[in-house]
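>>> quick one, structure for this:
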Amino acid sequence: MLTQEDLKNIGVELGKVIEQNITPAMDSLQNQIEHVGNQMITKDYLDDKLEEHHGNMIILMRKGDTKLLRLVELLKEKNVLNDEEAKSLLTMEPFPKLV
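Presented below is the predicted three-dimensional model:
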């Protein structure tokens with residue numbers, strides 16, 4: 001049977017094992033978790049970037065739409081397109097024009 005002194009020694013040895021092996025591993029794990037947390041992209045950051053990208057896409061689409069409007073005007077002036085064809089093109093998405 002174990003004596004009180006034996007139980008005390010087991011506790012001391014167990015404490016040494018924890019201090020020497022488990023505590024450093026936990027500290028390392030904590031550092032890794034903090035590093036991952038610092039590198040994570042937040043929802044706010046992602047929302048801002050998506051909004052910025054959306055705005056840039058709208059600008060590019062507007063430029064393309066301006067070119068389309070001018071092209072339809074030129075083709076109509078040269079009688080390549082009739083009024084109905086021009087109207088059909090101008091009322092298409094994404095930026096329909098009321099004609």
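>>> from now on I want contacts and neighbour counts done on CA atoms only, so please keep to that.
Will do.
>>> and residue 89, how many neighbours?
Close neighbours of residue 89, defined as other C-alpha atoms under 10 Å, add up to 15.
>>> confidence score at it?
We have a pLDDT of 93 for residue 89.
>>> equivalent analysis for residue 21, please.
91.
>>> same question, residue 15
With respect to pLDDT, residue 15 has a value of 91.
>>> do the same with residue 6
87.
>>> residue 77 versus the residue of the chain most remote from its centre, what's the distance?
Ranked by distance from the centre of the chain (C-alpha atoms, centre = their mean), the top residue is residue 1, with 63.0 Å. For residue 1, the distance to residue 77 equals 108 Å [C-alpha to C-alpha, to the nearest Å].
>>> could you do residue 17 as well?
90 Å.
>>> what do you get for residue 94?
Per C-alpha to C-alpha, residue 94 is found 24 Å from residue 77.
>>> likewise residue 42?
53 Å.
>>> state the mean pLDDT of the helix ranked longest in the chain.
Counting by DSSP state H, the longest helix found in the chain is helix 43-77. Helix 43-77 carries an average pLDDT of 95.
>>> and it, which residues are buried?
Under the neighbour-count criterion of 16 or more other C-alpha atoms under 10 Å, helix 43-77 has 65, 72 buried.
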